[in-house]
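S.K.: sharing a model that was predicted from the sequence below.
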Amino acid sequence: MLLELEGVYQAYERKGTIEVLHDIHLSMDEGEFVCVLGPSGCGKSTLLRIIAGIEPPVQGTVRCNGHAVRRPDRERGVVFQQPALYPWLTIEGNIEFGLKMRHMPKADRREVARRYLELVGLEEFRDRKPYELSGGMKQRAAIARVLANDPSIILMDEPFGALDAFTKEQMQDALRQIWRATGKTIFFITHDVEEALALGTRIVVMSPRPAVIHADLPCSFTHAMGEGSRTVRASQAFIEQRETLVNMIHQMHAT
Ligand SMILES: Nc1ncnc2c1ncn2[C@@H]1O[C@H](COP(=O)(O)OP(=O)(O)OP(=O)(O)O)[C@@H](O)[C@H]1O
């Protein structure tokens with residue numbers, strides 16, 4: 001088991017106690033692509049921060065590769081909605097940064113950076129600064145930077161949430177190719193039911209706060225998608241599954 005969460009409980013003290021996560025149990029195997037859906041404010045980002053080691057839970061444990069998670073480390077790479085690239089470095093410099101901090105020799109760094117620049121389709125932009133790139137390209141660079149650190153799992157918090165619909169679909173198709181090419185395990189938070197169905201091998205639905213896991217469903221559309229995904233997205237089975245999930249989330253909002 002790559003990742004194991006047992007009895008994770010999180011609450012904050014703010015004019016009384018806000019219970020956010022109630023009792024989360026979740027395991028992930030290597031190579032899985034788990035998409036997490038749930039009503040707004042239910043604690044999805046909180047869960048990601050706990051898995052990343054950015055904040056500790058009040059109760060419960062998180063284990064990654066058999067070790068208790070206590071702080072952020074490169075075993076768990078994180079991609080946020082706003083790509084956190086260093087504005088003064090080139091795209092290649094950004095991708096190499098973590099490797100440089102670990103004292104990897106320059107020639108090796110360059111080789112790793114070029115490999116991932118190519119994988120995310122940014123070879124031609126390697127000498128540009130982040131402000132010269134579109135939103136989608138910046139997010140590709142952020143993904144390449146995380147991949148360069150060779151994490152066991154990539155944690156993504158609505159990474160395409162700020163992109164227009166067309167770019168978003170392109171990025172989903174690109175991420176699927178990257179996942180296939182690298183075999184990485186991905187934990188992906190989204191508000192977008194169609195996005196979850198188009199990417200995940202598993203869909204986890206969280207309940208409203210204090211959140212528990214309301215549903216944990218296998219999903220196979222991503223396997224049926226080629227370089228593009230239009231045909232599968234327009235299929236009857238996809239649309240039916242989308243409506244089932246949208247209704248499930250609406251019903252939780254209403255109760
Ligand atoms: N450090 C904190 N202190 C106090 N309350 C917090 C803290 N972090 C999160 N919360 C509260 O916990 C709840 C869950 O927040 P979180 O951002 O994890 O939800 P989410 O499901 O990711 O939301 P959204 O879908 O809107 O992005 C919210 O009510 C939020 O206000």
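M.R.: Everything's here; your move.

S.K.: next, the contact list for the closest residue in space to residue 225 that isn't next to it in sequence, please.
M.R.: In space, residue 225 comes closest to residue 232 once its chain neighbours are excluded; the distance is 5.1 Å by Cβ to Cβ, 6 or more residues apart in numbering. C-beta here means a position set from N, CA and C on the backbone, and glycine is covered the same way. Under the criterion of Cβ atoms under 8 Å, 6 or more residues apart in numbering, the neighbours of residue 232 are 198, 221, 224, 225, 238.

S.K.: drop anything exposed from those.
M.R.: Of the members of the contacts of residue 232, the ones counted as buried by neighbours, 16 or more other Cβ atoms under 10 Å, are 198, 221, 225, 238.

S.K.: so which of those are in helices?
M.R.: Using DSSP state H to define helices, the subset of the buried ones among the contacts of residue 232 located there is 198, 221, 238.

S.K.: could I get the contacting residues of the second one?
M.R.: For residue 221, the residues meeting the contact criterion (Cβ under 8 Å, 6+ apart) are 197, 198, 232, 237, 238, 241.

S.K.: which two of these have the greatest separation?
M.R.: Farthest apart among these by Cβ to Cβ are 198 and 237. That separation is 12.7 Å.

S.K.: just give me the neighbour total for residue 131.
M.R.: The local packing of residue 131 (other Cβ atoms under 10 Å) involves 8 other residues.

S.K.: residues touching the nearest residue to it once chain neighbours are set aside, list them.
M.R.: Ranked by Cβ to Cβ, 6+ apart and with sequence neighbours excluded, the top spatial neighbour of residue 131 is residue 87, at 6.4 Å. Residue 87 makes contact with 129, 130, 131, according to Cβ under 8 Å, 6+ apart.

S.K.: between these, which is closest to the ligand?
M.R.: Of all the contacts of residue 87, residue 130 has the smallest distance to the ligand: 23.9 Å, by Cβ to the nearest ligand atom.

S.K.: burial count for residue 133?
M.R.: Burial of residue 133 is recorded as 18 neighbouring residues (other Cβ under 10 Å).

S.K.: could you do residue 4 as well?
M.R.: Burial measure for residue 4: 16 neighbouring residues, criterion other Cβ under 10 Å.

S.K.: likewise residue 164?
M.R.: Residue neighbour count, defined by other Cβ under 10 Å, stands at 12 for residue 164.

S.K.: check the gap between it and the ligand for me.
M.R.: Residue 164 sits 19 Å away from the ligand when distances are taken as Cβ to the nearest ligand atom, to the nearest Å.
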